[in-house]
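Q: sharing a model that was predicted from the sequence below.
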Amino acid sequence: MTSQDIAQIVSEHLLDVPDFPEEGVLFKDVTPLIAHAEAFNAVIGDMADRHRGEVDVVAGIEARGFIFGAAVAHELGLGFVPVRKAGKLPGQTAKVSYQLEYGSATIEIKADGIPVGSRVLLIDDVLATGGTAAAAFDLIEQVGAQVAGFDVVIELLSLSGRDRLRTAGREVHAQLSV
Ligand code: AMP
C-alpha cells in the first residue's frame, strides 16, 4: 500500500468536529477509523512496517496514542510504554512540564519503564502545535533512551508542529497532513 493509499484511508474515516472540546477547535475524531477493521488494520500495519526491526519498544501518548501505539507494539512483537498525564502512574516517575495556551501540563513515564539505550517508537494520533510531542521526546531522553521514530496519524499543518520539532532536530511522519 502506498503512502497516498494510507492518506486516503485516514481521510475517508476521519470525522471533523467543529468547536469541540471548546469553541474554535476543529477536533479530529479518529473513532470511526479505529472502529473500521480494514482501515484500522491498514493504519497499524503501515506504522509497524515503517519501523520493523529498527525499534526496541513503542511508547504512546495519552490517550489516543495508547490505542495506536499498543496495536503497533503488538504487531511488532514489542512491549508498550504509556506516556501519561500527571498523577496517573504509581511508583517513581520521570516528569516533563510544558506550556499550553493557557497554563501548563505535565506528562510522566515510569522511571524504569524504558531500558537505558532503547530505541523508542513514539506514537500519537494528532500532531497540533507539537508541544506535547516535544515534551514526550524530552521525557524519553531524560530516562536515557532515544526516539528512533515519531509517527502520528494526522498532522495539522496550520499549527506548525513539524517546524517546532525540526528546530530541535526532531522529525515526524504523518499518515495524513491536512
Ligand atoms: P499539541 O501538543 O498542540 O501538538 O497537541 C497534541 C495533543 O492534543 C495530541 O495528543 C492530540 O490527541 C490532541 N489534539 C490537539 N489538537 C487536536 C485536534 N484538533 N483534534 C484532535 N486531537 C487534538
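A: Alright, I've got the coordinates.
Q: ok, Gly149 to Ala168 distance?
A: 16 Å (C-beta to C-beta, to the nearest Å). Backbone N, C-alpha and C define where each C-beta goes, glycine included.
Q: the more surrounded of those two?
A: Taking other C-beta atoms under 10 Å, Gly149 and Ala168 do not tie; Gly149 has more neighbours (18 against 10).
Q: which of the three states applies to the residue most central in space within the chain?
A: Centroid-nearest residue in the chain: Asp124, 1.7 Å away (criterion: C-alpha atoms, centre = their mean). In three-state terms, and counting by DSSP: H, G, I helix; E, B strand; the rest coil, Asp124 is strand.
Q: show me what the helix ranked longest in the chain is packed up against.
A: Selection of the longest helix in the chain by residue count, based on DSSP state H, yields helix 37-51. Packing partners of helix 37-51 (3 or more C-beta pairs under 8 Å, 6 or more residues apart in numbering; DSSP states H and E): helix 3-12, helix 31-35, helix 64-76, strand 146-155, strand 173-177.
Q: now with 10 Å?
A: helix 3-12, helix 31-35, strand 57-61, helix 64-76, strand 119-127, strand 146-155, strand 173-177 (3 or more C-beta pairs under 10 Å, 6 or more residues apart in numbering; DSSP states H and E).
Q: need these in CSV (columns: mean pLDDT and distance to the ligand).
A: Below are the helices and strands packed on helix 37-51 laid out as CSV (pLDDT from 0 to 100; distance: least, C-beta to the nearest ligand atom, whole Å):
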stretch, mean pLDDT, distance to the ligand
helix 3-12, 98, 13
helix 31-35, 98, 11
strand 57-61, 98, 5
helix 64-76, 98, 5
strand 119-127, 98, 4
strand 146-155, 98, 8
strand 173-177, 98, 12
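Q: so for Ser97, which of these sits nearest?
A: Proximity to Ser97 (C-beta to C-beta) singles out strand 57-61 among the helices and strands packed on helix 37-51, at 15.0 Å.
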